[in-house]
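Undergrad: Kindly generate the corresponding structure for this input.
(chains A and B)
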Amino acid sequence: MKMAKCVVWDLDDTLWRGTLSAGDDVVPRDGIVDLVRTLDSRGILQSVASKNNHDDALRRLTELGLAEYFLYPQVNWNSKSSSVTEIQKRLNIGFDTIMFVDDQPFERDEVSFVHPDVETVDAADHLTLATLPRLSPAVVTEDAARRREMYLQDQARGDAELGYQGPQEEFLRGLDMVFTIARAADGDLPRLEELTERTNQLNSTGIQYSYDHLERLSRDPGHDLWVCELTDRYGSYGKIGMALVEKHADRWVINLLLMSCRTVSKGVGTVLLSFLLRRAADEGTRLFARFRRTDRNRQMLLTYQLANFRVVEQDGSDYLYENDLSVRPEFPDYIQVDSDA
Amino acid sequence: MANTGVTDVPASIRGYLRANMTAFADVEFSDEDNIFEQGFVSSMFAMQLLHYIESTFDVEVPDDGITLKNFSSVSRMADLVARLRTATGD
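TA: As a prediction, this is how the structure comes out:
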């Protein structure tokens, strides 16, 4: 089963004891506060799906010092499944990475019925959550520990964007984005391993790479392992992309190209690919790319094919692309691209 | 189904480009002009454009239809839509 990215909490008799709308003086159930903090420190996102008065519930969460831990809390009288859908859309993650905790069997069943990929957990079992393998990443990277903060920055960007009228390109220009491309250092490797596990949409193959494998590749003169970071005026998105290039005398093969789904709306998906195209052209080598079609990576297929990569071999869902390098791509003018190479 | 919707496909695509790409807001461009003059467009915008075409004209573009050539101009996109509509039996 995939690692979980987000835990969605019910409130009444799940996160806290009692029913807020019945006038109970609700307090967190035993161990909940520690559990919420523990999951947060592991880089697991958390949200709320509760049938309650929105303002009352948020006020109580704030009084309890817990409000800051929950992204896009859904407190309304709609079905829990629709609240889960809203959270899934806002966070842009797969349903199969969401866990839903509720004390009511009806609510768990309703969510399971609409979203069979969401794992539901009985609130009575909440103390076991911290020990579940899906919620226990082996390594907590620096990016993971800051994950909630980075989503909060995204929320601020989203609010600014909603208030903006006009082409999105103009809005992006105002973000002062800087995209940095560097060779992967040892300290980047845990994050790169994590990116290969967590990234589905902008991922050219979906193949996961272990730390040891990445370490060997980063030291191998026959490979280039690139890592990218994106920052803007709201802060850093962290290390959000990578590329693995296998180098032969007369040709390079992009074995893996991926970008975090948090950057999809920022128009940076093509920047790393442009960088590799320009480098290959400068080097005078042919450029190939491996692609494995999954049910999630249509956007990466589009990124390659509209960058003039053409299929030269196909074996089922495995493609080999070649780019004839006849066009030298420019970087979008709203992003400053820095590279140490 | 689809043919109850938009009939002037080129005009619709032209309007979408004009509204969503700064470069086309104030300039004249013909249906034959290559809109990806640099051979490259952000994948985000291309994805939006693909979504626009599929939802507006009720077609699904297969993987091998997603090519630079098919998306290079308003008229080529309109041709793509026409081919896909024919293929689905409209």
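
Undergrad: any residues touching stretch A:330-341, and which ones?
TA: Contacting residues not belonging to stretch A:330-341 are listed as A:169, A:172-173, A:175-183, A:267-268, A:270-271, A:274-275, A:279, B:38, B:40, B:42 [CB atoms under 8 Å, 6 or more residues apart in numbering or on different chains]. Yep, even glycine has a C-beta here, placed from its N, CA and C like the rest.

Undergrad: swap in stretch B:72-79?
TA: By CB under 8 Å, 6+ apart, the residues outside stretch B:72-79 that reach it are B:9-10, B:13-14, B:17, B:29-36, B:53, B:69-71.

Undergrad: Filter the contacts of stretch A:330-341 down to the ones in strands?
TA: Judged by DSSP state E, strands contain the following of the contacts of stretch A:330-341: A:177-183.

Undergrad: Would you mind giving the residues you listed as a markdown table with neighbour count and distance to chain B added?
TA: Formatted as a markdown table, the entries for the ones in strands among the contacts of stretch A:330-341 read as follows, by neighbours: other CB atoms under 10 Å in any protein chain shown; distance: CB to the nearest CB, whole Å:
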| residue | neighbour count | distance to chain B |
| --- | --- | --- |
| A:M177 | 22 | 12 |
| A:V178 | 15 | 16 |
| A:F179 | 25 | 12 |
| A:T180 | 16 | 18 |
| A:I181 | 21 | 17 |
| A:A182 | 15 | 22 |
| A:R183 | 13 | 24 |
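
Undergrad: And these, which is closest to A:N200?
TA: Taking CB to CB as the measure, A:N200 lies nearest A:F179 of these, at 21.4 Å.

Undergrad: Could I have the buried ones of the contacts of stretch B:72-79 as PyMOL selection syntax?
TA: Buried members of these can be picked out in PyMOL with the line below, counting by 16 or more other CB atoms under 10 Å in any protein chain shown:
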select buried, chain B and resi 9+13+14+17+35+36+53+70+71
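
Undergrad: out of the contacts of stretch B:72-79, which touch chain A?
TA: Of the entries in those, the ones placed beside chain A under the rule of CB under 8 Å from any CB of the partner chain are B:36, B:71.

Undergrad: Which ones among the contacts of stretch B:72-79 lie within helices?
TA: Using DSSP state H, B:9-10, B:13-14, B:17, B:53 are the members of the contacts of stretch B:72-79 that sit in helices.

Undergrad: Among those residues, which one lies nearest to chain A?
TA: The closest of the ones in helices among the contacts of stretch B:72-79 to chain A turns out to be B:L17 (CB to the nearest CB; 10.4 Å).

Undergrad: So that closest one is in contact with B:D33, correct?
TA: No. At 10.3 Å, B:L17 and B:D33 do not qualify as touching, with contact defined as CB atoms under 8 Å.

Undergrad: Which residues does the helix or strand harbouring A:H213 contact?
TA: Secondary-structure assignment from DSSP states H and E places A:H213 in helix A:211-219. Defining contact as CB under 8 Å, 6+ apart, one finds that helix A:211-219 is touched by A:139, A:183-184, A:186, A:189-190, A:192-193, A:209, A:223, A:225, A:244.

Undergrad: longest strand of chain A?
TA: strand A:235-247.

Undergrad: count of residues packed around the residue in chain A that chain B sits nearest to?
TA: Distances between chain A and chain B by CB to the nearest CB are smallest at A:V327, namely 3.3 Å. A:V327 has 17 neighbours, counted by other CB atoms under 10 Å in any protein chain shown.

Undergrad: What pLDDT does the model give it?
TA: In the prediction, the pLDDT value recorded for A:V327 is 84.

Undergrad: If anything else comes up later, I'll come back, but that's it for now.
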